[in-house]
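> got a predicted structure here, sequence first:
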There are 2 protein chains.
Amino acid sequence: MEPPAPRRRVTIVDVARHAQVSTTAVSKVLRNAYGASPEMRAKVRRAIDELGYRPHAGARGLRGQTYTIGVMLPDIRNPFFPEILDGVTASLEDTEYQVFLGPGCNGEKAEARVTEAMIDRGMDGIILVAPVSSRARLERVGTAVPTVVVGRHGSSPSYDTVADDDVEGAALVVGHLAALGHRRIAHIEHHETDPTRLSEMPNARRADGYRRAMREHGLEEWTDVISTSYTQEGGYRGARELLDRQVRPTAVFAGADIVAMGVLEAVAEAGLSVPGDLSVAGYDNTTFAAFGPISLTSVDQAGRELGRNAVRLLLERIADRGRRSAQVILSPTLVARRSTARLAE
Amino acid sequence: MEPPAPRRRVTIVDVARHAQVSTTAVSKVLRNAYGASPEMRAKVRRAIDELGYRPHAGARGLRGQTYTIGVMLPDIRNPFFPEILDGVTASLEDTEYQVFLGPGCNGEKAEARVTEAMIDRGMDGIILVAPVSSRARLERVGTAVPTVVVGRHGSSPSYDTVADDDVEGAALVVGHLAALGHRRIAHIEHHETDPTRLSEMPNARRADGYRRAMREHGLEEWTDVISTSYTQEGGYRGARELLDRQVRPTAVFAGADIVAMGVLEAVAEAGLSVPGDLSVAGYDNTTFAAFGPISLTSVDQAGRELGRNAVRLLLERIADRGRRSAQVILSPTLVARRSTARLAE
DNA sequence: GTGAAAGCGCTAACAT
DNA sequence: ATGTTAGCGCTTTCAC
């Protein structure tokens, strides 16, 4: 079973010949550019359909655009990120742009490789979701190609940003737990030391928001932050540490749903129950959180909105590379579920 | 804060001038092609480093390759697929190839759009994971560009395939449950009517394997297949139907972990317990299944192996487009966890 | 409004 | 082993 020989691709020249016009004319029709009469447009369109012509993106990119948008997700396994992606693809659905995802971007090195690859492929715009790279790297990317950074704070003239107000999100959780009568509310955060990241990364903002909210509720003395990482294992380790305390917290605010998963695992393992022995709240409102038997109270970041806004800013900037950079901040909401409950007397 | 002006990209001409050689020489070094002395290679490499030159993939693609591989996943939310992707990226890590993911491919229309987009962008190879498109579409893709279809059976001269033996996987589950004393073992499948898909799609094979295994264990009379869909909601609906039976099954084999999630939800809602009242097994061994408090017995498809094999076949075919198509079948394994238990007397 | 011609950055075919 | 040249498929001047 030898494979059939691939037939030659239809080019703009074929279309031009078939429609009896110049290649320039075809190009104008393709781009809806000025300088083609309605009759010409119709003629060309017909030829395109008849021949099944599709423009070659690489060749287009050599002079104009590739109509390709690159999206970099830090972790495809985190169920929050697909939400953002949905917002992105939905916004681009009716355009000629096509979205491609750069995979497996955990760490600065992988991020650099993927972003460089996107630039090398002449992508028209890049959306970076929660990148961990240095400011300098991000600006390099933003200078080379229109870029929007999602889920990371800190403004730059070289790229636009869209993020949720993480301080507000943390305050929602603390407020919710305090209203349920909790006072010993602990927080598990992602450990961070780099000064730039401390001011720009969502995890640092959430820890900040937690501290501030505890203070505002007069719970300063119960402030209790465990530094691990935004992974299930980090949540597990953090919870183990908390459960070993002489005076245990009655509620835990995990900085991400995935962290809350680790907490739930540790709690189950210790023979304790949620929310009976411990109220648990997460962040991101992932499918995990929504899953009935788990039913985790969480903060909803409106991922689709993030994605939609990112596309809007990106298209604006593709249209006008000289415009000033913009920052969009959205507000999160709290989704209360069964993993948090009123403190038993 | 106006953005800084993007500086002109370094081209092969710049490198050639800087190294005082021809562009051909540079091109040869880039491609490790024959016809460049060690001294020349060194000179060119130095110039490349000094200028920070990176080849433009689009331009390369116009004559040669783009060094880009496209991967299409049907559902980024299904935690099984990232495993395959890991196998793919790991295999390509040390090559010049870059992987990009086509997003959100649920349905034939979306699949067509994404695959066309990949072809338009001159991708050197395409990996389609569990595509739902018609045979004709797949062959069209395979004819246009080297293609490997993962997780779908049925061979074609136009593309290679890598899949797990789903019949065997189903047999593992039935055997496991039968060994635990279960006889009333029900199966929830993804409804399928199209004849091609009935023979090629994994879900159909699993249902088939279930029926065959039941027969082989002398449990034919208890064969009980519920047709819904491979979604959480499908699992929920299926479980509701099973729980309403006069004679309830004592075990359920869900065709996918996501389906098992729906089953667990329905069981919890009915005030029943797993595995006390019902043993539940899934398929895919996702992170969901491995999650401690859920601890779902499941079939492991060795996603990384699938990905690795797909890459191997793809690179072979890129090197020799005329070679005969190959089919690789891997064996799944069973991961027994706490959601299945010996039948109480 | 229309088309001829140049050129984007690279590779392949062909000299030398 | 090295360089010269043509051309990949498209967009962009710039004539008309």
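Arrived safely.
> now that A:Val21 has come up, it's in contact with A:Met40, right?
Yes. A:Val21 is in contact with A:Met40 according to C-beta atoms under 8 Å; the separation is 6.4 Å. Where you see a C-beta, it was placed from the backbone N, CA and C, and this is true even at glycine.
> what helix or strand is A:Leu264 on?
According to DSSP states H and E, A:Leu264 maps onto helix A:257-269.
> in that helix, which residues are buried?
By 16 or more other C-beta atoms under 10 Å in any protein chain shown, the buried positions in helix A:257-269 come out as A:257-268.
> and it, average pLDDT?
Helix A:257-269 shows a mean pLDDT of 96 in the predicted model.
> contacts (any at all) between chain B and stretch A:263-273?
Yes. Using C-beta under 8 Å from any C-beta of the partner chain, we find that stretch A:263-273 touches chain B at A:264-265, A:268-269.
> tell me how far the helix or strand following the helix holding A:Leu264 lies from the chain's centre.
Later in the chain than helix A:257-269, the nearest helix or strand by DSSP H and E is strand A:279-281. Taking C-alpha atoms, centre = their mean, to the nearest Å, the mean C-alpha location of strand A:279-281 is offset from the chain mean by 24 Å.
> C-terminal to strand A:279-281, what's the next element?
With DSSP H and E, the next secondary element past strand A:279-281 is helix A:287-290.
> counting by contacts, list what the helix or strand just after that next one packs against.
Downstream of helix A:287-290, the first helix or strand assigned by DSSP H and E is strand A:298-300. Judged by 3 or more C-beta pairs under 8 Å, 6 or more residues apart in numbering or on different chains; DSSP states H and E, the packing partners of strand A:298-300 are helix A:166-179, strand A:333-335.
> who does the longest one touch, helix- and strand-wise?
Pointing back at helix A:166-179 there. Partner elements for helix A:166-179 (3+ C-beta pairs under 8 Å, 6+ apart): strand A:185-190, helix A:202-216, strand A:251-254, strand A:279-281, strand A:298-300, strand A:333-335.
> contacting residues for the residue positioned nearest the centre of chain A?
For chain A, A:Val129 is the residue whose C-alpha lies nearest the centre (C-alpha atoms, centre = their mean; 4.0 Å). Residues near A:Val129 by C-beta atoms under 8 Å, 6 or more residues apart in numbering or on different chains: A:71-74, A:81, A:84, A:150-151.
> how near is it to A:Thr161?
11 Å (C-beta to C-beta, to the nearest Å).
> any common contacting residues for those two?
By C-beta under 8 Å, 6+ apart, A:Val129 and A:Thr161 have these common neighbours: A:Val150.
> on that earlier part again, now list the buried members of the contacts of A:Val129.
Here, 16+ other C-beta under 10 Å leaves A:71-74, A:81, A:84, A:150-151 buried among the contacts of A:Val129.
> of all these, which two lie farthest apart?
A:Val71 and A:Gly151 (12.1 Å; C-beta to C-beta).
> what's the helix or strand for the residue in the stretch 201-345 of chain A that DNA strand D sits nearest to?
Residue nearest to DNA strand D within the stretch 201-345 of chain A: A:Ile318 (12.3 Å; C-beta to the nearest atom of the strand). According to DSSP H and E, A:Ile318 maps onto helix A:303-319.
> run the chain-centre distance for that helix.
Centroid displacement of helix A:303-319 relative to its chain, using C-alpha atoms, centre = their mean, is 12 Å.
> residues contacting the nearest residue to A:Phe291 once chain neighbours are set aside?
Leaving aside its chain neighbours, A:Phe291 sits nearest to B:Met261 (6.4 Å; criterion: C-beta to C-beta, 6 or more residues apart in numbering or on different chains). Shown in contact with B:Met261 (C-beta under 8 Å, 6+ apart): A:291, B:232, B:235, B:282, B:288.
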